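# Sequence and predicted structure, then a few things I'm wondering about:
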Amino acid sequence: MKRYLFFVSQLYSLSIVRPLQKAIRERGDEVAWFLNQKQYADYLNEDEKQLATVQDVMDYNPCAVFVASNTVPDFFPGIKVQLFHGFNAQKRDENKGHFRLRGFFDLYCTQGPSTTEPFEALAKEHQNFEVVETGWSKMDPLFEPFTAKPYYPFEQSLAKPDNQAADAQQGKKPTILMTSTFTPALSAAFHLFDEVKRMSQREDWNWLITFHPKMDPEIVSKYKSLASDNLHFVETDDIIPLLQEADLMLSDTSSIISEFLLQRKPAVTFRNRVPGPHLVNITETADIEQAIEQALTKPPELMSAIEDYINLIHPYMDGKSSHRVIDATDSLVERGRKHLKAKPLNLYRRLKVRHKYGYYKFW
């Protein structure tokens, strides 16, 4: 029986690694969790095994550690596998963003050609890690049949006969999911409050709103105040059911947009940093409502651009990315790391991690 470890430093990691946990268990193997924040333990299920201390991890001796953040204790046993915490939303310059190397990982499991090709070039240059295109484990549940969660608040009422947009959504009122990044310079939430408040009064649309966990609490409170029969603010560590239920996303430059587009559904963005033909991008608040109405009709040119974008970022629709991640991991475990060059010393980063966990053994 193989043993694996999940290193969790953010709540959003839960939805990224749980599909992996399912795949690992299906193979008859074992997985444990190490949480770098004690309060995260409240989000674990009864059947999920937590390792409370560094010594517990050393004794557990996993063959691999799966990580959805940028750093991991280098002294943990096993190869270190980068899963990524989101798609490349191009919020920052590449040397500071998605393709920045921190020197901790032995294997990068990429999501699609748009991430694979740059990381393969970096692997060829540095020769101290491998790259395998697997698809993203978080997306596996997206391609499973939708089951409404208990918090889903809307009645599936029939569309009005004269409502073309609703008719196009197979007889139910369209549901708009608003999301937003927490970065003030990029966030739509700071600009669209009045428009969302007004549009939420429409009888022919439903609204779900969820924000990044780091969103300004004052902004969160403002949007929560809009709660009505047509609008609900949802706080959850699993956004997949919201993506499945919504017919259109309203957002900005958040990486969650790419996750939504994988369903071949349209997204309207406000001042997206790098807009493309796969998005309906708006720069003025007054144009939002018309853009939503138009996007709900799914114009052919927009849907064709979305299809091209999907093939670039994540062409895997079989819900088996987690299994590909495990296959790639097991392959490296079996071959070992002798063929890889040594990683840069990164003394400051490594000592910083050791100080955080109070672990100073070097043998």
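Ah, there it is. All values derive from a computational prediction rather than experimental measurement. Numbers count the residues shown, from 1 in each chain.
# after the helix or strand of the chain with the lowest mean pLDDT, next one along is what?
Using mean pLDDT, DSSP states H and E, the weakest-scoring helix or strand in the chain turns out to be helix 164-168, at a mean of 42. Next helix or strand after helix 164-168 toward the C-terminus (DSSP states H and E): strand 175-178.
# so what's the residue most central in space within the chain up against?
Nearest residue to the geometric centre of the chain (C-alpha atoms, centre = their mean): Gly86, 4.0 Å. Residues in contact with Gly86 (C-beta atoms under 8 Å, 6 or more residues apart in numbering) are 12, 255-256, 258. Where you see a C-beta, it was placed from the backbone N, CA and C, and this is true even at glycine.
# Kindly present those residues as JSON lines, with separate columns for secondary structure, distance to Glu218 and pLDDT.
Compiled in JSON lines, the contacts of Gly86 are given as follows (DSSP: H, G, I helix; E, B strand; the rest coil; distance: C-beta to C-beta, whole Å; pLDDT from 0 to 100):
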{"residue": "Tyr12", "secondary structure": "coil", "distance to Glu218": "21", "pLDDT": "85"}
{"residue": "Ser255", "secondary structure": "coil", "distance to Glu218": "23", "pLDDT": "87"}
{"residue": "Ile256", "secondary structure": "helix", "distance to Glu218": "21", "pLDDT": "92"}
{"residue": "Ser258", "secondary structure": "helix", "distance to Glu218": "28", "pLDDT": "95"}
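# Show me the shaky parts of the protein.
89-98, 147-171, 362-363 (pLDDT under 70).
# all strands of it, in order?
3-8, 30-35, 64-67, 79-82, 107-110, 130-133, 175-178, 206-209, 231-233, 248-251, 267-270, 280-282 (DSSP state E).
# can you redo the ones you listed as TSV with distance to Leu186?
Formatted as TSV, the strands of the chain follow (distance: least, C-beta to C-beta, whole Å):
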stretch	distance to Leu186
strand 3-8	26
strand 30-35	29
strand 64-67	25
strand 79-82	24
strand 107-110	24
strand 130-133	28
strand 175-178	15
strand 206-209	17
strand 231-233	20
strand 248-251	10
strand 267-270	10
strand 280-282	13
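# would CSV of those strands with distance to Pro118 and mean neighbour count be doable?
Listed next are the strands of the chain as CSV, based on distance: least, C-beta to C-beta, whole Å; neighbours: other C-beta atoms under 10 Å:
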stretch, distance to Pro118, mean neighbour count
strand 3-8, 24, 24
strand 30-35, 29, 20
strand 64-67, 19, 26
strand 79-82, 13, 24
strand 107-110, 9, 25
strand 130-133, 9, 21
strand 175-178, 29, 24
strand 206-209, 33, 24
strand 231-233, 36, 20
strand 248-251, 24, 26
strand 267-270, 23, 25
strand 280-282, 24, 21
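# For Ile24, which of those strands is the nearest?
Ile24 lies closest to strand 30-35 among those, at 4.9 Å (C-beta to C-beta).
# Tell me how far the closest one lies from the chain's centre.
20 Å (C-alpha atoms, centre = their mean, to the nearest Å).
# cool, stretch 200-208 as well?
26 Å.
# Alpha carbons of it, as PDB, please.
Output in PDB follows, covering the C-alpha atoms of stretch 200-208 (Å, rounded to 0.1, in the frame of the first residue of the first chain):
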ATOM      1  CA  SER A 200     -31.100  41.700  -8.800                       C
ATOM      2  CA  GLN A 201     -34.600  43.200  -8.800                       C
ATOM      3  CA  ARG A 202     -35.300  41.600 -12.200                       C
ATOM      4  CA  GLU A 203     -37.800  38.800 -11.900                       C
ATOM      5  CA  ASP A 204     -36.300  36.800 -14.800                       C
ATOM      6  CA  TRP A 205     -32.800  36.200 -13.300                       C
ATOM      7  CA  ASN A 206     -31.400  34.500 -10.300                       C
ATOM      8  CA  TRP A 207     -28.100  35.500  -8.700                       C
ATOM      9  CA  LEU A 208     -25.500  33.600  -6.700                       C
END
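# would you list every one of the helices in this structure?
13-26, 54-60, 113-126, 164-168, 189-199, 217-224, 240-245, 256-261, 288-296, 300-313, 321-335, 347-357 (DSSP state H).
# out of those helices, deepest packed?
Ranked by mean neighbour count, the helices of the chain are led by helix 256-261 with a mean of 23 (mean count of other C-beta atoms under 10 Å).
# ok, residues contacting that one?
86-87, 89, 138-139, 142, 177, 179, 239, 243, 246, 249, 251, 267, 269, 278-279, 306, 309-310, 313-314.
# cool, and stretch 334-353?
Residues beyond stretch 334-353 that count as contacts (C-beta under 8 Å, 6+ apart) turn out to be 71-74, 79, 102-104, 106, 126-130.
# What's the local residue count around the nearest residue to Phe270 once chain neighbours are set aside?
Distances taken as C-beta to C-beta, 6 or more residues apart in numbering place Ala188 nearest to Phe270, at 3.9 Å, with adjacent residues excluded. Neighbourhood size, Ala188 [other C-beta atoms under 10 Å]: 26.
# which ones are touching Ala188?
So Ala188 contacts 178, 180, 250-252, 269-271 (C-beta under 8 Å, 6+ apart).
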